[in-house]
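*Asks:* Following is a predicted model, sequence given first.
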Amino acid sequence: MDRIDLLTRSDTLARPASIAVQDVSVTYPNGFTAVRDASFELGPGTICALVGVNGSGKSTIFKAIMGFVAPATGQVRLCGLPVDKAVSKNIVAYVPQSEDVDWNFPVLVEDVVMMGRYGHMNLFRIPSKTDRRKVDEALERVNMSAYRKRQIGELSGGQKKRVFLARALAQEGRIILLDEPFTGIDVTTESAIINLLRELRDDGHLILVSTHNLGSVPDFCDQVVLLNRTVLAAGPTATTFTQENLERTFGGVLRNFELSGQALHEDDDARSLNVITDDERPLVFYGVKKTKKKPARDKAK
Ligand SMILES: Nc1ncnc2c1ncn2[C@@H]1O[C@H](COP(=O)(O)OP(=O)(O)OP(=O)(O)O)[C@@H](O)[C@H]1O
């Protein structure tokens, strides 16, 4: 029996990371269907952005992937396994939205990160040497070792995010879900998190990030899933994160315009800026076109 379990575990570890969401609908107990017939597939070595307006169903998709809600129809498979099996094998780690965490709960930073190891421990949850080493490494990787004895509630927003990322690292899940990781953090912390996510992607992890920060999506996400209570578009960022698809996703609230020439600079610099804004959030910059003007003497030729 032990032998079979061992074989099953090593077989699971050998599977490349993948998420398959197939025709998933989620209806909450009050009868509200938050997501209908959603489908998308992602493979290993990927960072994917999950993008949509407030209430479009991003957290609901995360909950379905984590098994916190059961789809009314359709199915989710992680590394080819049903969700409950994948969760029990620590394949998937979750970094929740800050609002979903009770920060008054008295717990040390190192204990939060140790929670990532629970799935690897026996019933009594006595940490092994390996568990302690994994916690040390995870704290080191997010640059939070100096804070390990602090209460989690005493940290800043960005520090709390890093601790929860460390918990996900300690768990060693090959699929990592991050719900709004960039909300309420400074630019330095955002780029530190993005760099870490890139390293994890290069290690073959599959990372799904819900974000309102459209400006950073083309920078670090290979794939995009655009959501509005169903999947409107999914695929590589270059072909999916288009103005047309974004307008479909954000509906009337999204405005897109181009600033160039005199509106942008006082000289005759030919660069232009493509700006996307919506009525709820500040400006986000989508891209800069650099169409170099030919020097005047070239024109004369
Ligand atoms: N437990 C629940 N019971 C009933 N309806 C819910 C429940 N949780 C969420 N909803 C509803 O489902 C819809 C999708 O919610 P969800 O939290 O998935 O959206 P979201 O895209 O993550 O939003 P945000 O960007 O604001 O975090 C919303 O209309 C929300 O009110």
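*Replies:* Perfect, thanks for sending it. Keep in mind that what you see is a predicted model, and the values were worked out from it rather than measured. Residues are numbered from 1 along each chain as shown.

*Asks:* who in this structure is up against the ligand?
*Replies:* When proximity is defined as Cβ under 6 Å from any ligand atom, the chain approaches the ligand at Tyr28, Asn30, Phe32, Ala34, Gly52, Asn54, Gly55, Ser56, Gly57, Lys58, Ser59, Thr60. For the C-beta atoms, the positions are set from N, CA and C on the backbone; glycine is no exception.

*Asks:* And the residue nearest the centre of this protein?
*Replies:* Geometric centre of the chain, nearest residue: Val209, 1.3 Å, by Cα atoms, centre = their mean.

*Asks:* and the gap between it and Arg201?
*Replies:* According to Cβ to Cβ, to the nearest Å, Val209 and Arg201 sit 11 Å apart.

*Asks:* Quick check: neighbours shared by those two?
*Replies:* Counting by Cβ atoms under 8 Å, 6 or more residues apart in numbering, the contacts common to Val209 and Arg201 are Ile47.

*Asks:* Give me the neighbour count for Arg117.
*Replies:* Using other Cβ atoms under 10 Å, Arg117 is surrounded by 22 other residues.

*Asks:* Name the nearest residue to it, ignoring sequence neighbours.
*Replies:* Asp131 (4.3 Å; Cβ to Cβ, 6 or more residues apart in numbering).

*Asks:* what helix or strand is the one you found on?
*Replies:* In the assignment (DSSP states H and E), Asp131 maps to helix 129-141.

*Asks:* now for that helix, which elements pack on it?
*Replies:* If you count contacts as 3 or more Cβ pairs under 8 Å, 6 or more residues apart in numbering; DSSP states H and E, helix 129-141 packs onto helix 109-115, helix 157-171.

*Asks:* Just name the most buried of those helices.
*Replies:* Comparing the helices and strands packed on helix 129-141 by mean neighbour count (mean count of other Cβ atoms under 10 Å), helix 157-171 comes out on top with a mean of 23.

*Asks:* Looking at the residues of the chain next to the ligand, spot the one nearest Arg148.
*Replies:* Set against Arg148, the nearest of the residues of the chain next to the ligand by Cβ to Cβ is Ser59 (29.2 Å).

*Asks:* give me the number of residues near the spatially closest residue to that closest one that is not a sequence neighbour?
*Replies:* Using Cβ to Cβ, 6+ apart and skipping residues adjacent in sequence, the residue nearest Ser59 is Asp179, 6.1 Å away. Counted with other Cβ under 10 Å, the neighbours of Asp179 add up to 23.

*Asks:* name the element Asp23 belongs to?
*Replies:* Following DSSP H and E, one finds Asp23 within strand 19-27.

*Asks:* For whichever helix or strand comes after that strand, which residues meet the burial criterion?
*Replies:* Tracing the chain C-terminally past strand 19-27 and defining elements by DSSP H and E, one meets strand 33-42 next. Neighbour-count burial for strand 33-42 flags Thr33, Ala34, Val35, Arg36, Ala38, Phe40, Leu42 (criterion: 16 or more other Cβ atoms under 10 Å).

*Asks:* Same check on stretch 170-180?
*Replies:* Quick answer for stretch 170-180 (16+ other Cβ under 10 Å): Ala170, Gln171, Glu172, Gly173, Arg174, Ile175, Ile176, Leu177, Leu178, Asp179, Glu180.

*Asks:* can you give me the mean pLDDT across that stretch?
*Replies:* Stretch 170-180 shows a mean pLDDT of 91.

*Asks:* Output that stretch as CSV, nothing but the C-alphas.
*Replies:* Taking Å, rounded to 0.1, in the frame of the first residue of the first chain, the C-alpha atoms of stretch 170-180 are listed here in CSV:
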residue,chain,number,x,y,z
ALA,A,170,7.0,27.0,1.4
GLN,A,171,4.0,24.9,0.2
GLU,A,172,5.9,24.1,-3.0
GLY,A,173,2.8,24.1,-5.2
ARG,A,174,3.5,24.1,-8.9
ILE,A,175,0.4,26.1,-9.5
ILE,A,176,0.2,29.5,-7.7
LEU,A,177,-2.9,31.7,-7.6
LEU,A,178,-2.5,35.3,-6.5
ASP,A,179,-5.6,37.4,-5.9
GLU,A,180,-4.8,41.1,-6.5
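
*Asks:* ranges for the strands of the stretch 101-250 of the chain?
*Replies:* Along the stretch 101-250 of the chain, counting by DSSP state E, counting those that start in this stretch, strands occupy 175-179, 206-210, 223-227, 231-236.
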